[in-house]
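Colleague: Quick one: sequence and predicted model below, then my questions.
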Amino acid sequence: MTSQTTDESGTPTEPVPRPAPAKVGHGEERENGRSPRGLLIRLFLYLIGGHVFAGFLYLLFAVGK
C-alpha cells in the first residue's frame with residue numbers, strides 16, 4: 001500500500017524531494033568549495049616540518065664535509 005498525497009481536485013501529487021544534508025566530514029569539501037580548516041593546518045605543519053627536516057639534513061652534510 002503506497003501513500004500518495006492528493007491535491008484539492010483529487011489528482012495525485014508527487015512529493016517534493018528534500019536536498020541532501022550538507023556533510024562536512026573526513027575528506028569532504030564544504031559547500032563553498034573550501035577545504036576543512038584542520039586539513040589546512042595539518043598541511044601547513046607538514047610543510048614547515050618537512051623544511052626543518054630538510055634543513056637539518058643539509059646541516060649534517062655541510063658539517064660532515
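Modeller: Great, that's in hand.
Colleague: for the protein, what spans make up the helices?
Modeller: 37-63 (DSSP state H).
Colleague: low-scoring stretches of it, by residue?
Modeller: The model of the chain has pLDDT under 70 over residues 1-4, 20-31.
Colleague: if you set the cut-off to 90 instead, what comes out?
Modeller: Within the chain, the segments meeting pLDDT under 90 span 1-37, 65.
Colleague: quick one, what contacts residue 6?
Modeller: Contact analysis of residue 6 by C-beta atoms under 8 Å, 6 or more residues apart in numbering lists 12, 13. For glycine as for every other residue, the C-beta is placed from the backbone atoms N, C-alpha and C.
Colleague: so how far is residue 17 from it?
Modeller: The gap separating residue 6 from residue 17 is 18 Å, by C-beta to C-beta, to the nearest Å.
Colleague: Check residue 8 too.
Modeller: 22 Å.
Colleague: Can you report how many residues lie near the closest residue in space to residue 5 that isn't next to it in sequence?
Modeller: Sequence neighbours aside, residue 13 is the residue nearest to residue 5 in space, at 5.3 Å (criterion: C-beta to C-beta, 6 or more residues apart in numbering). Using other C-beta atoms under 10 Å, residue 13 is surrounded by 9 other residues.
Colleague: again, but for residue 45
Modeller: 10.
Colleague: Convert the C-alpha atoms of stretch 49-56 to PDB, please.
Modeller: Taking C-alpha atoms only, stretch 49-56 is exported to PDB below (Å, rounded to 0.1, in the frame of the first residue of the first chain):
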ATOM      1  CA  GLY A  49      58.200  20.300   9.400                       C
ATOM      2  CA  GLY A  50      59.500  19.000   6.100                       C
ATOM      3  CA  HIS A  51      61.500  22.100   5.500                       C
ATOM      4  CA  VAL A  52      63.000  21.900   9.000                       C
ATOM      5  CA  PHE A  53      63.900  18.300   8.500                       C
ATOM      6  CA  ALA A  54      65.500  19.000   5.100                       C
ATOM      7  CA  GLY A  55      67.500  21.900   6.700                       C
ATOM      8  CA  PHE A  56      68.700  19.500   9.400                       C
END
